[in-house]
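Q: pasting the sequence and the predicted model now:
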Amino acid sequence: MAQQHLDPTDPRSRHAGPIPTGDALAGYLRAQATEFLRALRLHRETGSGANGSEGSAEAARALRRSARRISASLHTFQPLLDSDWCEAMRPELAWVSGTLAMEHAYTARLERLLAALHRLSGSAAFPAQNGARVTAAASPKAGSPSQERGNLTVGAAKAGALLDRQLTLARTRAHSTALQALGSSRFHAVADKVAVLASEVPLAKTADATDLRPLSAAARDRLADAVTALPLVVAGHPYNAAALVHGLSPDTVPHPQDAPWHQVRLLLRLHRYAREAVTGPKGNAVVDLRLLAAGQALNRHRDASEASASAAQAARTPRIAPATAYALGVLHADQRHEVEAARFAFQQAWQKETVGAS
């Protein structure tokens with residue numbers, strides 16, 4: 001018998017048992033607030049040096065996770081909560097999550113770009129390691145079949161060094177910004193409000209009798225509408241020349257093709273967190289493989305899109321050598337191909353047919 005998969009967006013997969021109301025939402029918010037405070041305590045205990053320890057990095061990730069979930073719940077279930085309180089808390093939680101995310105994002109982006117340069121050129125000397133050896137080894141005779149790869153290898157070493165300088169500087173600044181933010185009065189005010197949330201959730205008067213499922217379904221419908229508006233037909237093709245042409249132009253504005261996909265990623269996250277609030281901790285044991293695969297594809301899309309933008313920005317650096325600019329152009333094209341591959345993977349995951357009960 002063929003394996004059957006339950007589609008969580010199908011009405012048949014609705015919450016079984018007691019109707020989830022404001023009490024369930026309050027329990028979920030208290031749990032996430034507790035996680036936030038636990039991560040904050042861990043971050044203070046582990047400390048942070050110039051580059052941050054592994055423990056403090058994990059604590060920062062936990063802070064971001066809980067802040068995202070609280071903020072998403074305030075957005076989706078705002079009718080069940082104090083409206084003024086939600087409007088005041090959501091931008092502050094977004095500020096905390098966004099500030100703490102930047103250092104990790106720059107680190108991961110640099111690793112991704114250097115790995116791509118290594119894959120494209122076949123050189124392991126990134127950045128600026130054994131540069132003379134690489135240059136000598138990568139100087140094939142003119143007209144030889146490996147000349148193009150050799151030229152890419154020479155430029156890739158310098159491109160890797162340039163990216164390392166730019167993104168390491170950005171990561172260092174992001175680390176300093178995060179430290180300043182965690183020590184600011186603004187963050188302490190947010191932490192105090194989260195501490196209160198861990199014991200007292202500002203529910204509306206009608207929350208105890210209000211079903212969470214219609215609001216969760218609304219989040220699902222917003223996601224479905226946004227996915228419907230995506231050019232999934234274009235995503236079915238392995239090559240999208242329009243994205244490459246825009247990325248290599250002097251215009252530094254992000255490519256308009258990427259914005260709807262980033263929005264779908266955010267809506268998918270809101271949908272996931274709404275399901276968590278409705279089903280409760282035990283309900284999370286049932287993993288929605290389709291949403292998981294779609295979310296992973298959209299994460300890869302975001303990472304590749306940002307990496308391609310960094311490569312294009314580095315290529316606009318004044319007075320760089322032609323070989324360096326060539327390597328950065330190849331790198332940009334490679335990351336745009338990764339963007340298209342991620343879109344295709346999302347299309348395959350989202351449009352996967354579920355097997356009905358027979």
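A: Ah, there it is.

Q: lowest-scoring secondary structure element of the protein by mean pLDDT?
A: Every helix and strand of the chain was ranked by mean pLDDT, DSSP states H and E. The lowest is helix 131-137, at a mean of 37.

Q: buried ones in the helix or strand that that one is followed by?
A: The element immediately downstream of helix 131-137 (helix or strand, assigned by DSSP states H and E) is helix 147-182. For helix 147-182, a neighbour-count test (16 or more other CB atoms under 10 Å) marks 149-164, 166-167, 170-171, 174-175, 178, 181-182 as buried. Every C-beta, even on glycine, is put in place using the N, C-alpha and C of the backbone.

Q: repeat for stretch 36-56
A: Applying 16+ other CB under 10 Å to stretch 36-56 flags 36-37, 39-40, 42-43, 46, 48, 52, 56 as buried.

Q: and the residues you listed, which is the shakiest by pLDDT?
A: Ranked by pLDDT, those bottom out at Gly52, which has 54.

Q: so where is the chain shaky, pLDDT-wise?
A: Scanning the chain for pLDDT under 70 picks out the ranges 1-17, 48-53, 123-152, 233-255, 281-287, 353-358.

Q: hmm, 50 instead?
A: 1-15, 50-51, 125, 128-145, 284-285, 354-358 (pLDDT under 50).

Q: and the longest helix for it?
A: Criterion DSSP state H: the longest helix present in the chain is helix 83-121.

Q: list the helices and strands that one packs on?
A: helix 54-76, helix 147-182, helix 185-197, helix 289-315, helix 322-350 (3 or more CB pairs under 8 Å, 6 or more residues apart in numbering; DSSP states H and E).

Q: as TSV, those with distance to Ala277 would be great.
A: Below are these laid out as TSV (distance: least, CB to CB, whole Å):
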stretch	distance to Ala277
helix 54-76	6
helix 147-182	27
helix 185-197	14
helix 289-315	15
helix 322-350	23
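
Q: closest one to His271 among those helices?
A: Of all these, helix 289-315 sits nearest to His271, with 7.4 Å by CB to CB.

Q: buried residues, the closest one. List them.
A: Of the residues in helix 289-315, 290-291, 293-295, 297-298, 300-312, 314-315 count as buried by neighbour count, 16+ other CB under 10 Å.

Q: what values do phi and psi take at Leu81?
A: phi -120, psi 170 (degrees, to the nearest 10).

Q: swap in Pro260?
A: phi -60, psi -30.

Q: which residues touch it?
A: Contact partners of Pro260, counting by CB atoms under 8 Å, 6 or more residues apart in numbering, are 226, 229-230.

Q: show me what contacts the residue lying closest to Gly22 once chain neighbours are set aside?
A: Excluding the flanking residues, the one nearest Gly22 by CB to CB, 6 or more residues apart in numbering is Ala207, at 2.7 Å. Listed by CB under 8 Å, 6+ apart, the contact partners of Ala207 are 21-23, 25-26, 80-81.

Q: now the residue nearest to the spatial centre of the chain: closest residue in space, sequence neighbours ignored.
A: Among the residues of the chain, the one closest to the centroid is Asn299, at 4.9 Å (CA atoms, centre = their mean). Distances taken as CB to CB, 6+ apart place Arg265 nearest to Asn299, at 7.2 Å, with adjacent residues excluded.

Q: and the gap between that neighbour and Ala33?
A: 25 Å (CB to CB, to the nearest Å).

Q: what does Phe344 give?
A: Using CB to CB, Phe344 is found at 39 Å from Ala33.

Q: specify which residue of the two has the higher count of neighbours.
A: Between Phe344 and Ala33, counted using other CB atoms under 10 Å, the more crowded position is Ala33 (23 against 17).

Q: who's in contact with the helix or strand that that one is a member of?
A: Under the criterion of DSSP H and E, Ala33 resides in helix 22-46. By CB under 8 Å, 6+ apart, the residues outside helix 22-46 that reach it are 53, 55-56, 58-60, 62-63, 65-67, 69-70, 73, 77, 80-81, 182, 191, 194-195, 197-199, 201, 203-204, 207-210, 212, 276-278, 280-281.

Q: before we move on, the earlier item: okay if I get the buried residues of stretch 36-56 as TSV plus distance to Leu117?
A: Listed next are the buried residues of stretch 36-56 as TSV, based on distance: CB to CB, whole Å:
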residue	distance to Leu117
Phe36	38
Leu37	42
Ala39	35
Leu40	38
Leu42	35
His43	33
Thr46	33
Ser48	30
Gly52	25
Ser56	29
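
Q: show me which pair in those is furthest apart.
A: Most distant of the buried residues of stretch 36-56, by CB to CB, are Leu37 and Gly52, 20.0 Å apart.

Q: now do the buried residues in stretch 315-324.
A: So, applying 16+ other CB under 10 Å, buried residues of stretch 315-324: 315, 320, 323-324.

Q: for stretch 204-216, same thing?
A: The neighbour-count check on stretch 204-216 (16+ other CB under 10 Å) flags 207, 210-212, 215-216 as buried.
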